[in-house]
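Engineer: can you look at this prediction? I've put the sequence above it.
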Amino acid sequence: MNKLVVGNLLHRPLRTFISVFAIAIEVVMILCIVAIMVGQVNGARNSTAGIGADIVVQPANSSFLTGISGAPVPAKIAQVLGKLAHVAVASPTIINLTTGSTVETIWGIDYQSFNALRPFTFVEGTPFQGPNDVIVDDYYAKSDKGHRVGDLIPVINGHEFRICGIVEHGKGGRKFLPIRTLGALMGNPDNATLFYLKSDNPENQELIRKEILSTPGLGDYQVRTVAEQLNMLTPEHLPAFTIALNVVISIAVIIGFLVIFQSMYTAVMERTREIGVLKSLGASKGYIVNVVLRETALISICGIALGMLMTGLIKTWMSYRFPTLPFIVTADWWFRGTLIAFVGGILGAIYPALKAASKDPIDALAYE
């Protein structure tokens, strides 16, 4: 039977290749969309964890998606927070989402306090030397044609800043400006988006939360531990994230289903006489169905393998061309992508297989 299956596929090489390529495209669509979307979430989680803070303090009604919250509160609140018992460091921070040529978040930091949370590791250069300096991470420095200390780069609203230092990635953002500089560009030179706190002992985090909420003027603030913040940075907590992911996967499955359906249906119609010969020789309906489904399974396996190879090549190209864009395919999504493509292909072949099995051998032998 295996020789028959392979012979049938090689008899129409172009159609077989198109079917294999369609399954590959389905796999690539699923894995690449997941890699980018989930990669962004995982990248945000890892960067938040790398800041070194224990507690995040935000004003009431602000979103946990920090880049869209603006700078609504006075930065001097950090002085009040820093005087609370068990608070070792309080750092005011602006996180501003920009949508220029690319979508990115620009961080405004008070260098001394932000560095005290967890020190920057400099690859090259120094901290801010003036209000028009910017610190970038090593991923950004490798992007485009590469950036060096001393280069001028556009950061926000067309304003150019001098790269004063390049640091290792994983400490919040990719571009850091002095907090007053970024605040001035946003029209709020003395404000902040949120405050990162470091406790004197992790066991005192709940005491710090109670102290903040009991401080006059801060009673309605949101106080979360970084662990709680990280738990919210999941696809389930992001607006429409799961819906968008499911829509893309559904489109990919429909494409694979229709291509396999058309390919196998056409193959069945073209081999009507051959099916009649098999049935006249005693082949059962189950045997005919088995032949068609084996052909589909082989096409799907080849398509899945090609899709994984293409995804790997895309990942390599993305890491070279867009090093700042997280592209992460987890092991479970490799398995899910494989399963979705394989099951979609088999479902697309069921009707053609049943149609082939139901053909009358006499009519099939008389078919021209």
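Structural biologist: Here it is on my side, so go on.

Engineer: residues near Cys302, how many?
Structural biologist: The burial count assigned to Cys302 is 18, neighbours taken as other Cβ atoms under 10 Å. Placement of C-beta: from N, CA and C, glycine included.

Engineer: just how off-centre is the host helix or strand of it within its chain?
Structural biologist: For Cys302, the element it lies in under DSSP states H and E is helix 285-321. With Cα atoms, centre = their mean, to the nearest Å as the basis, helix 285-321 stands 23 Å off its chain's centre.

Engineer: what packs against the helix or strand following it?
Structural biologist: Next helix or strand after helix 285-321 toward the C-terminus (DSSP H and E): helix 331-357. Using 3 or more Cβ pairs under 8 Å, 6 or more residues apart in numbering; DSSP states H and E as the contact criterion, the elements in contact with helix 331-357 are helix 13-49, helix 241-270, helix 285-321.

Engineer: deepest of the ones you listed, which one?
Structural biologist: Mean neighbour count, computed with mean count of other Cβ atoms under 10 Å, is highest for helix 13-49 among the helices and strands packed on helix 331-357, reaching a mean of 20.

Engineer: and that helix, what does it pack against?
Structural biologist: Using 3+ Cβ pairs under 8 Å, 6+ apart as the contact criterion, the neighbours of helix 13-49 among helices and strands are helix 226-232, helix 241-270, helix 285-321, helix 331-357.

Engineer: so which bits of the shortest one are buried?
Structural biologist: Same thing as helix 226-232. When neighbours are counted by 16 or more other Cβ atoms under 10 Å, the buried residues of helix 226-232 are found to be Val226, Gln229.

Engineer: ok, now stretch 351-358?
Structural biologist: Using 16+ other Cβ under 10 Å as the test for burial, stretch 351-358 gives Pro352, Ala353, Lys355, Ala356, Ala357.

Engineer: may I see the helices and strands packed on helix 331-357 organised as JSON lines, with mean pLDDT and distance to Asn188 added?
Structural biologist: Written out in JSON lines, the entries for the helices and strands packed on helix 331-357 read as follows (pLDDT from 0 to 100; distance: least, Cβ to Cβ, whole Å):
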{"stretch": "helix 13-49", "mean pLDDT": "81", "distance to Asn188": "23"}
{"stretch": "helix 241-270", "mean pLDDT": "79", "distance to Asn188": "29"}
{"stretch": "helix 285-321", "mean pLDDT": "85", "distance to Asn188": "35"}
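
Engineer: tabulate those helices (CSV), appending distance to His159.
Structural biologist: As requested, the helices and strands packed on helix 331-357 are arranged in CSV below (distance: least, Cβ to Cβ, whole Å):
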stretch, distance to His159
helix 13-49, 24
helix 241-270, 32
helix 285-321, 26
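
Engineer: so which elements touch the helix holding Cys302?
Structural biologist: Helices and strands touching helix 285-321, by 3+ Cβ pairs under 8 Å, 6+ apart, are helix 2-11, helix 13-49, helix 241-270, helix 272-280, helix 331-357.

Engineer: tabulate the buried residues of stretch 351-358 (a markdown table), appending pLDDT and distance to Glu203.
Structural biologist: As requested, the buried residues of stretch 351-358 are arranged in a markdown table below (pLDDT from 0 to 100; distance: Cβ to Cβ, whole Å):
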| residue | pLDDT | distance to Glu203 |
| --- | --- | --- |
| Pro352 | 78 | 65 |
| Ala353 | 77 | 64 |
| Lys355 | 75 | 69 |
| Ala356 | 72 | 69 |
| Ala357 | 71 | 69 |
